[in-house]
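quick one, structure for this:
(4 chains)
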2 protein chains.
Amino acid sequence: MNNLTLEDIAEQCGVSRSTVSRVINNHPNVSKKARMLVQEVINQTGYQPHAAARALVSNRSWTVGLILPRSVNSFFTDPYYPSLIQGIAQACSSSDYTFTLFLMREKEDEERIFHRISRRGFLDGILLQSDNIGDSLIDKLILSDIPLTVLGRPFKSGNISFIDINNVESVEKAVDYFIETEHKRIGTITGPLNTTVGIDRKQGYMNSLLKHGFTVDKDLIAEGTFTEESGYLGMLEILKAKPDAVFTASDQMALGAMRAMSENGLRAPDDVAIIGFDDFPLQMPAYPPLSTIRQPIDEFGNEALRMLIDIIENGTEPARRVILKTELILRGTTRKRIN
Amino acid sequence: MNNLTLEDIAEQCGVSRSTVSRVINNHPNVSKKARMLVQEVINQTGYQPHAAARALVSNRSWTVGLILPRSVNSFFTDPYYPSLIQGIAQACSSSDYTFTLFLMREKEDEERIFHRISRRGFLDGILLQSDNIGDSLIDKLILSDIPLTVLGRPFKSGNISFIDINNVESVEKAVDYFIETEHKRIGTITGPLNTTVGIDRKQGYMNSLLKHGFTVDKDLIAEGTFTEESGYLGMLEILKAKPDAVFTASDQMALGAMRAMSENGLRAPDDVAIIGFDDFPLQMPAYPPLSTIRQPIDEFGNEALRMLIDIIENGTEPARRVILKTELILRGTTRKRIN
DNA sequence: TTCTATATTGGGAGCGTTCCCAATATCTCA
DNA sequence: TGAGATATTGGGAACGCTCCCAATATAGAA
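Numbers count the residues shown, from 1 in each chain, chains lettered A, B, ... in the order given. Alright, predicted model coming up:
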């Protein structure tokens, strides 16, 4: 590796350290001639400023951390996390931020991770995935005054900047669609009800039902964990109550639900219509293409980072809030609307 | 955040900066009394050394980067990458290294990423996933002299440190098992044959066949891409040649293969026995539990990082090489061995 | 007790930047 | 052409740490 310093480049150019620094940082007050000369030498030598030196004096590390508090299992199974990571990694790359990842497996990791991320000069900001477990980290993080953006609505949203999608509303619309297409017994397999996503999506379901004068039937509601397996189990439960449409809070659960249906000789959408949630690339062997609510995951990563950078640059007050829109994608597991 | 410096702590303790530094870095020459006093004050104040300052003077960032050159798609679908990330993130966390992630989507990213990671004082070392695309990065990386460990055998393994699993040997054993259990027409769905994993696993398959005096029948070999879909398609091909056993180079492909079988009214292991590769937590709806070759992914992450740290600390020469063992797991998709 | 060996401590220098201000070069307009 | 304004440049100081060496305290031996 080349160990050139600013001063070396300066010498080669016959200018001062300061001028080279100005060229690198695109400061205005440099003569065209000098700028070109320096640029030339930099290109030739492949000089790169020393990250740590820069970080020390500028008090910016140009590094952000993503903390995922989820349990190990769903990290593998649920395409959500890979997608999220992908989206954020990419956003970081475009903004020339370094992306560091912290996986919290157990409760004990919390203390340890907190200790690490609160090292001064280490992270410029933090993206924290909202979660029933992780939320206890929020308080500490808030106190430590490090720029923070929470991904997904946190339980106590008091003065916290967060980004979310319109869970309630989008599910409400999906269930509205069931009702418009003449379904009478509409069930749902919810996400975990100790998470805000789980709660919000269930709320959307109830909103629609209530709005249309339906009664909420407990036998048509099962709590899942976003996994295929839990969708399967949930559907087995609900099937007893003879649903004609089911909204599942994730595509994975939709998959499981359809497996349960298939085992009982039922097909979507004729016997039971299905709408899922996510619309990530997913393998759906042997089933009709899934109607679902599309979650804009790339945009989510982008906006989350953008918010965080804004907080880094302009301070944590006032708390920011961004709600992204979803889209109902009608495919093969729902009835066509009668015009 | 607290903005204490070494000097502040020193003052509070009535000792010098140097003594505090020695306590923090566990240097020997500190009196018991002083050490305890300093430790006490550090604990009370929650002082943390400034990461950048430390990195600047010690020329160590305590950060390693993982570069994944894979195409986007398989990043979502294939549990391999999340598992790998998880394993390495954890290993980093235990060793107090920071884990940064670089996702290479397109060929153009290569130049950009290379530029970023070669910033001085930025990364102490790099873990690079071997890949037909990414391998062109290796040469640059080698030249740039940054500590590098390649994950999976690289094409040109000349003087490169890498870690791999015993692909050839383990597949050979799996196919041996097919032969021991009286199978006669053994097929395989390979990984992509422009990757070393793909090549090696196919080699293992051929080794076993040849060793036992079987002839290699092209009609019993299909090239896949590790995805469920490609397993499905591959199996459809192979089925024409009437196999009685198939080794698939990933569990996902095994899944697809079994879907193809199921559509043709065939069952494992009676009609066609199946052995997969990976044994990551996987959802296998409605099929018998999969016999497979277990890949020690956590150990892989650990060992990879351990190797990298060794290179960081003791220099890049000589090239290290570690081959991890796999394990054949016999479950429901293979015949029982007759004793 | 006194001298020497050893354990402990303190402070200067330096890591490679950025920021700031003073110094110098260049331009503008009367 | 010259004074003043403006554009450009250079170098000191600082960021917070580690390393090194010299200074001091302490212990051990005679």
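
and the one helix or strand A:Ala254 maps to, what's buried?
Following DSSP states H and E, the helix or strand that holds A:Ala254 is helix A:251-263. Judged by neighbour count (16 or more other CB atoms under 10 Å in any protein chain shown), helix A:251-263 contains these buried residues: A:251-261. C-beta coordinates here come from the backbone N, C-alpha and C atoms, glycine included.

stretch A:204-213 now?
With burial defined by 16+ other CB under 10 Å, the residues of stretch A:204-213 counted as buried are A:204-209.

try stretch A:213-222
Under 16+ other CB under 10 Å, the buried positions of stretch A:213-222 are A:214, A:220-222.

try stretch A:274-281
A:274-280.

ok, the residue of the stretch 151-300 of chain A at minimum distance from DNA strand C - how many residues close by?
In the stretch 151-300 of chain A, the residue that lies nearest DNA strand C is A:Ser161 (24.8 Å; CB to the nearest atom of the strand). A:Ser161 sits with 23 neighbouring residues when counted by other CB atoms under 10 Å in any protein chain shown.

surely it and A:Ala319 touch.
Yes - assessed by CB atoms under 8 Å, A:Ser161 is found in contact with A:Ala319 at 4.8 Å.

can you give me the first-to-last residue distance of stretch A:142-162?
12 Å (CA to CA, to the nearest Å).

do stretch A:94-111 as well
31 Å.

that stretch close to DNA strand C?
No - judged by CB under 7 Å from any atom of the strand, stretch A:94-111 makes no contact with DNA strand C; its nearest approach is 12.9 Å.

tell me the buried residues in that stretch?
Quick answer for stretch A:94-111 (16+ other CB under 10 Å): A:97-105, A:109-110.

let's see which of those residues end up in helices.
Using DSSP state H, the members of the buried residues of stretch A:94-111 that fall in helices are A:109-110.

and the buried residues of stretch A:94-111, which two are furthest apart?
Taking CB to CB as the measure, those span a maximum distance of 25.1 Å, between A:Tyr97 and A:Arg105.

still on that earlier bit, now, which of the buried residues of stretch A:274-281 lie within strands?
Taking DSSP state E as the definition of strands, the buried residues of stretch A:274-281 contribute A:274-278.

how is chain A divided into domains?
Domains of chain A are assigned by automatic domain parsing as A:6-49, A:63-165+A:298-325, A:167-295.

for the longest one, how far is the first residue from the last?
In this case it means domain A:63-165+A:298-325. End-to-end distance (CA to CA), domain A:63-165+A:298-325: 28 Å.

show me the shaky parts of chain A.
Scanning chain A for pLDDT under 70 picks out A:1-2, A:70-76, A:108, A:133-135, A:282-286, A:339.

could you give the angle of the helix ranked longest in it to strand A:273-278?
Assignment by DSSP H gives helix A:297-314 as the longest helix of chain A. For helix A:297-314 against strand A:273-278, the angle by axes from the mean of the first three to the mean of the last three CA atoms, to 10 degrees is 30 degrees.

buried stuff in helix A:297-314?
A:297, A:300-309, A:311-312.

circling back: B:Phe247 is nearest to which of the domains of chain A?
domain A:167-295 (20.4 Å).

tell me how far the closest one is from the chain's mean position?
21 Å (CA atoms, centre = their mean, to the nearest Å).

gap between the two ends of that domain?
Domain A:167-295 has its terminal residues 10 Å apart, counting by CA to CA.

quick one: A:Ile293 is in a strand?
Yes - under DSSP: H, G, I helix; E, B strand; the rest coil, A:Ile293 falls within a strand.

most packed of the domains of chain A?
domain A:167-295 (a mean of 21; mean count of other CB atoms under 10 Å in any protein chain shown).

secondary structure class of A:Lys242, three-state.
coil.

any idea how far A:Ile9 is from it?
Distance, A:Lys242 to A:Ile9, using CB to CB, to the nearest Å: 76 Å.

check A:Asn132 too.
From A:Asn132 across to A:Ile9, the span is 52 Å (CB to CB).

same question, A:Thr188
63 Å.

can you give me the helices for the stretch 51-200 of chain A?
For the stretch 51-200 of chain A, helices defined by DSSP state H, counting those that start in this stretch occupy the ranges A:51-58, A:72-77, A:80-94, A:109-117, A:135-144, A:167-180, A:196-211.

relative to B:Leu4, which of these is closest?
helix A:135-144 (13.6 Å).

close to chain B, is that closest one?
Yes - judged by CB under 8 Å from any CB of the partner chain, helix A:135-144 comes into contact with chain B at A:Ser144.

give the other helices and strands that that helix contacts.
Helices and strands touching helix A:135-144, by 3 or more CB pairs under 8 Å, 6 or more residues apart in numbering or on different chains; DSSP states H and E, are helix A:109-117, strand A:125-129, strand A:148-151.
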